[in-house]
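[1] Test case, fold it:
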Amino acid sequence: MMDVAKFLEEFATVLSPALIESTRSRKFTLKLEDQELRMEEASQHQRTFIADLQAK
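    Coordinates of the predicted model:
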């Protein structure tokens, strides 16, 4: 089973920031095995991930 952090890392590398930006206002849930991730939550994690990278 893939944990949420690993999923978000892969999600961030596959989808471009422009696509993340365009999905920010959309409300849907991604289901992966027994885990669920709201798109709003994924967008917030993506912004945090990028900010952390930029700070280094």
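[2] Go ahead and flag the most central residue of the protein.
    residue 42 (3.2 Å; Cα atoms, centre = their mean).
[3] Name the helix or strand for it, please.
    helix 39-55 (DSSP states H and E).
[4] Least confident secondary structure element in this protein?
    helix 17-23 (a mean of 64; mean pLDDT, DSSP states H and E).
[5] Whichever helix or strand comes after that helix: how far from the chain's middle?
    Following helix 17-23 in sequence order, the next helix or strand is strand 29-32 (DSSP H and E). A distance of 11 Å separates the centroid of the chain from that of strand 29-32, by Cα atoms, centre = their mean, to the nearest Å.
[6] which helices and strands does the helix holding residue 42 pack with?
    On a contact count with 3 or more Cβ pairs under 8 Å, 6 or more residues apart in numbering; DSSP states H and E, helix 39-55 meets helix 4-14, helix 17-23, strand 29-32. All C-beta atoms are positioned from the backbone trio N, CA, C, and that covers glycine.
[7] ok, back up a step: the residue nearest to the centre of the chain reaches residue 8, doesn't it?
    Yes. Look at residue 42 against residue 8 with Cβ atoms under 8 Å: they come within range, at 6.7 Å.
[8] And the residue sitting furthest away from the middle of the chain, how far from residue 3?
    Largest separation from the mean C-alpha position in the chain: residue 56, at 19.9 Å (Cα atoms, centre = their mean). Between residue 56 and residue 3 the distance is 22 Å, computed by Cβ to Cβ, to the nearest Å.
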